[in-house]
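In: What would the 3D arrangement of this be:
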Amino acid sequence: MMLLSDTVGRPVVSSSDAARVGTVAGLVVDTEEARVTALRLDGVKGRGDVVAWADVDALGPDAVVVAAATAARFASADSGKDQDLLGKRLLTDLGDAVGTVADLAFDPASGRVDALHTSRGARVPGADLLGIGAYAVVVRAAALPHEDAGA
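Out: So this is what the prediction gives:
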């Protein structure tokens, strides 16, 4: 598994010419599928700021490599900016505040979200991620240990 906190800041390079495309700023996550659908980028010149997960060739320890064909698949991430996950308030579907998102673990090959790590030390399975908004990330209350659920 790979952590979001380890991914943010990595350079993104093109597989065709090794040119730097940008830097990973975050992820776009489909909560219904519990999957990463795109990478949000910083430092992109003349293009949008999102590259589709399908166009990621490799996510290594030093860089992210994207397919040469991605130039046509870049798009604006206006809605993706709500998905700045690290440090975002974490709420249950019952409305209880349960800390903040400390990290997100995902499979670097498939993009499947494995778990959210909370600031209170809990681990929420990716399947229990219900929504990501501008204000908070929402998870199923049943996914949290009993002592966190009412805090």
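In: So which residues of this protein form helices?
Out: For the chain, applying DSSP state H gives helices covering 4-7, 146-149.
In: looking at these, which one has the lowest mean pLDDT?
Out: Per-stretch mean pLDDT for the helices of the chain is lowest at helix 146-149 (a mean of 49).
In: Trp53 is in contact with Ala109, isn't it?
Out: No - applying CB atoms under 8 Å, one finds Trp53 not in contact with Ala109, separated by 10.6 Å. Backbone N, C-alpha and C define where each C-beta goes, glycine included.
In: The two: which is more packed in?
Out: Trp53 (18 against 10; other CB atoms under 10 Å).
In: any weak-confidence spans in this structure?
Out: By pLDDT under 70, the low-scoring segments of the chain are 45-48, 68-82, 146-151.
In: Closest to the centroid, which residue in it?
Out: In the chain, the C-alpha nearest the mean C-alpha coordinate belongs to Leu27, at 3.1 Å (CA atoms, centre = their mean).
In: Might you report the residue contacts of that residue?
Out: 4, 7, 36, 38-40, 83, 85, 104, 106 (CB atoms under 8 Å, 6 or more residues apart in numbering).
In: possible to save these as JSON lines with distance to Ile132?
Out: JSON lines is the format used below for the contacts of Leu27 (distance: CB to CB, whole Å):
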{"residue": "Leu4", "distance to Ile132": "12"}
{"residue": "Thr7", "distance to Ile132": "16"}
{"residue": "Val36", "distance to Ile132": "12"}
{"residue": "Ala38", "distance to Ile132": "13"}
{"residue": "Leu39", "distance to Ile132": "15"}
{"residue": "Arg40", "distance to Ile132": "12"}
{"residue": "Gln83", "distance to Ile132": "5"}
{"residue": "Leu85", "distance to Ile132": "7"}
{"residue": "Leu104", "distance to Ile132": "10"}
{"residue": "Phe106", "distance to Ile132": "14"}
